[in-house]
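Asker: Could you look at this predicted model? Sequence included:
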Amino acid sequence: MPVRQRRAYWREALSQTFAAADVAVPDEVCSGTIRTFPLGHLQLATADGGPMRAWRTQRLIAQGGNEEYVVVNLLGRGAARIEQDAREVYLSPGEFTFCDMSRPLWMDFPHRYQTKSLVLPRQVLGLSESELRRITASPLRSETALGGLLSPLLSRFADTAETFGPRTGELVARNVVDLLTVLADEQLGRDSEGTPSGDAVLLLRIRAFIGRRLADPDLSPEAIARAHHISVRYLHKVFEGEDTTVSRWIQKRRLEACRRDLMRREAAHRTIVAVAHQWGFTSAAHFSRVFRTAYGMSPSEWRAASRP
């Protein structure tokens, strides 16, 4: 690219791969590579570049695009400093962290760097908004048991994904996501025994299953139990430690998705009923009532208050 176009071209390439961001690149940096590989709803991305700073502001988030995604960033080479949710993490090669594209983010790569990233819809992890906020920009070190397992697995997967067939690649990606959900659960302090029990792993799988199917109005405890080959009674038993019921968990996740959509500038032309229906609510009156109970204001009041 001509010199005067390089910075804008690199910014656009990064934005299309991860999410819209502003970047600052020294004039002497003149090369960079991004390699991506799709895996169903997920995407692997390897980025090599020179020193760079990148930041994702509330203004860019409000413009819409990729805010529904979480990026698991593994540092392959160089050094990185990442800030999000009032936390700051310094990464060395082999270490990784979660970044949420729905909230402001700041990243600094002071030297030439390489990242290997998994880009996935936030629902896939089966985490609530508040839970995800607690684990972003937290260091996931390769010397820990799970970190030591995931770091080389994610790195090797990024290097070899294109050699797999579509079905094999998606199955491997699903297992990587399962390990990430266990790691997230450990980060949240739920794994006091050090090794997750069978019910704990099943719960993680069920929460991820719910996240992937939030938009389905027929999502129900019966459908979830059937998909996991367990009884409804056992499903409720698995959720006992969550201090909520299965149905309330589904409703909470749907409300969070609606609340995010109502904030988005690009969704301003859509009616509140359309947003509610998109996320599985079949009754506008019921949606309005449970939204007010959860957030202390009506959906229309929330949308008005969220506009700049």
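Answerer: Perfect, I can see it now. Numbering: from 1, shown residues only.

Asker: Pull the number of nearby residues for the closest residue to residue 101 other than its chain neighbours.
Answerer: In space, and not counting its chain neighbours, residue 101 is closest to residue 19: 4.2 Å by C-beta to C-beta, 6 or more residues apart in numbering. Just so you know, the C-beta spots here come from the backbone N, C-alpha and C atoms, and that holds for glycine as well. Residues near residue 19, counting by other C-beta atoms under 10 Å, number 23.

Asker: What of residue 287?
Answerer: Around residue 287 there are 23 residues (other C-beta under 10 Å).

Asker: ok, now residue 199?
Answerer: For residue 199, the neighbour count with other C-beta under 10 Å is 14.

Asker: circling back: SS state for the residue nearest to residue 101?
Answerer: coil (DSSP: H, G, I helix; E, B strand; the rest coil).

Asker: Quick check, it in contact with residue 103.
Answerer: No: between residue 19 and residue 103 there is no contact under C-beta atoms under 8 Å: 10.7 Å.

Asker: Output the below-cut-off pLDDT ranges for the stretch 151-300 of the chain.
Answerer: Along the stretch 151-300 of the chain, segments meeting pLDDT under 70 span 190-198.

Asker: Spell out the residue ranges of the strands in the stretch 101-250 of the chain.
Answerer: All strands of the stretch 101-250 of the chain, identified by DSSP state E, counting those that start in this stretch, fall at 105-109, 113-121.

Asker: Could you say which one of those strands comes nearest to residue 234?
Answerer: Ranking the strands of the stretch 101-250 of the chain by proximity to residue 234 (C-beta to C-beta) places strand 113-121 first, at 27.5 Å.

Asker: report the longest helix in the protein, please.
Answerer: The single longest helix within the chain, with elements called by DSSP state H, is helix 166-187.

Asker: Distance of the residue lying closest to residue 50 once chain neighbours are set aside relative to residue 76?
Answerer: Of all residues not flanking residue 50 in the chain, residue 29 sits nearest, at 3.4 Å (C-beta to C-beta, 6+ apart). Counting by C-beta to C-beta, to the nearest Å, the separation of residue 29 from residue 76 is 18 Å.

Asker: Between the two, which has more neighbouring residues?
Answerer: Neighbour tally, residue 29 and residue 76, criterion other C-beta under 10 Å: the higher count belongs to residue 76, 20 against 15.
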